[in-house]
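Q: No letters, just coordinates:
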């Protein structure tokens, strides 16, 4: 069992003990985590890190933008950027590869799903709100 605390610590339960997993770069704070096939995927400000939970070794996945949230669909893993403006497909078999699959210029990504070879993306408009004075009736 793996957990991410409010203090941004990653804990792994082995037997009856919780042990902290230390990031390879000490100043990196985990933003989100997911486990797929006994590998822990962690997104941070410096990129995406993958830890093999049996062997304990680390690999880094480079992405063009900061991925802040993972969306796991079966064994598929996607990452969204800060406001959900872009979606990256993270290859869980070959961790060196990530690919931008969607760039939402005027939309915010709400959710993704995959059916067969089709990626479905639910978006909402990215509205710009402005304060408008309302004339007072006399």
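A: Yep, it's here. Because the structure is predicted, anything quoted here is derived from the model rather than measured. Numbering: from 1, shown residues only.
Q: pLDDT-wise, which helix or strand of this protein ranks last?
A: One helix or strand of the chain scores below all others by mean pLDDT, DSSP states H and E: strand 107-115, with a mean of 75.
Q: Would you mind identifying the next helix or strand past it?
A: Per DSSP states H and E, the first helix or strand lying C-terminal to strand 107-115 is strand 118-125.
Q: Taking their axis directions, that next one and strand 107-115 sit at what angle?
A: Angle of strand 118-125 versus strand 107-115, following axes from the mean of the first three to the mean of the last three Cα atoms, to 10 degrees, is 160 degrees.
Q: Report the rounded mean pLDDT for strand 118-125.
A: For strand 118-125, mean pLDDT rounds to 78.
Q: For that strand, which strands pair with it and how are they oriented?
A: strand 107-115 (antiparallel) (DSSP bridges).
Q: In this structure residue 120 contacts residue 109, no?
A: No - the pair residue 120 / residue 109 is not scored as a contact, 11.1 Å apart, by Cβ atoms under 8 Å. (Each C-beta comes from the backbone N, C-alpha and C, glycine too.)
Q: before we move on, the earlier item: can you list contacts of the least confident helix or strand of the chain?
A: Strand 107-115 is contacted from outside by 71, 73-74, 76, 78, 80, 83-85, 87, 102, 119-126, using Cβ atoms under 8 Å, 6 or more residues apart in numbering.
Q: And the strands in this structure?
A: Along the chain, the segments classed as strands by DSSP state E run 2-4, 10-14, 17-21, 32-36, 39-44, 47-52, 58-61, 67-73, 76-81, 86-90, 98-103, 107-115, 118-125.
Q: I'd like these laid out as JSON lines, including mean neighbour count and distance to residue 133.
A: Output for the strands of the chain, formatted as JSON lines (neighbours: other Cβ atoms under 10 Å; distance: least, Cβ to Cβ, whole Å):
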{"stretch": "strand 2-4", "mean neighbour count": "14", "distance to residue 133": "45"}
{"stretch": "strand 10-14", "mean neighbour count": "14", "distance to residue 133": "49"}
{"stretch": "strand 17-21", "mean neighbour count": "12", "distance to residue 133": "54"}
{"stretch": "strand 32-36", "mean neighbour count": "17", "distance to residue 133": "41"}
{"stretch": "strand 39-44", "mean neighbour count": "22", "distance to residue 133": "42"}
{"stretch": "strand 47-52", "mean neighbour count": "19", "distance to residue 133": "46"}
{"stretch": "strand 58-61", "mean neighbour count": "16", "distance to residue 133": "49"}
{"stretch": "strand 67-73", "mean neighbour count": "18", "distance to residue 133": "36"}
{"stretch": "strand 76-81", "mean neighbour count": "22", "distance to residue 133": "35"}
{"stretch": "strand 86-90", "mean neighbour count": "21", "distance to residue 133": "36"}
{"stretch": "strand 98-103", "mean neighbour count": "14", "distance to residue 133": "36"}
{"stretch": "strand 107-115", "mean neighbour count": "15", "distance to residue 133": "28"}
{"stretch": "strand 118-125", "mean neighbour count": "12", "distance to residue 133": "24"}
